[in-house]
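**Q** no FASTA, just this:
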């Protein structure tokens with residue numbers, strides 16, 4: 001193996017770890033949605049629709065970042 005192959009393998013490992021890390025963040029976004037649902041059942045607040053909207057937007061944005069990372073990396 002020459003230096004160029006080792007460098008290519010290193011960059012590929014970094015790209016894969018980046019996508020894995022972003023996937024974990026998307027799972028975290030899904031957990032936020034679930035927690036918001038549970039919280040809205042316990043607490044009756046007027047801000048429930050706003051929190052629901054923000055948590056869904058956060059999850060969609062995290063999925064969009066994963067797709068962009070896969071396309072661009």
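**A** That came through fine. Note that this is a predicted model, so its numbers are computed, not measured. Numbering: from 1, shown residues only.
**Q** in this structure, which spans are helices?
**A** Per DSSP state H, the chain carries helices over the ranges 3-42, 48-72.
**Q** mean pLDDT and mean neighbour count added to those, as TSV?
**A** C-betas here are computed from N, CA, C, even on glycine. Output for the helices of the chain, formatted as TSV (pLDDT from 0 to 100; neighbours: other CB atoms under 10 Å):
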stretch	mean pLDDT	mean neighbour count
helix 3-42	95	12
helix 48-72	96	13
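**Q** next up, the contacts around the most centrally placed residue in the chain.
**A** The centroid of the chain falls nearest to residue 26 when counting by CA atoms, centre = their mean (2.5 Å). By CB atoms under 8 Å, 6 or more residues apart in numbering, the residues touching residue 26 are 59, 62, 63, 66.
**Q** let me know the closest of those residues to residue 17.
**A** When the contacts of residue 26 are compared for distance to residue 17 (CB to CB), residue 66 wins out at 13.3 Å.
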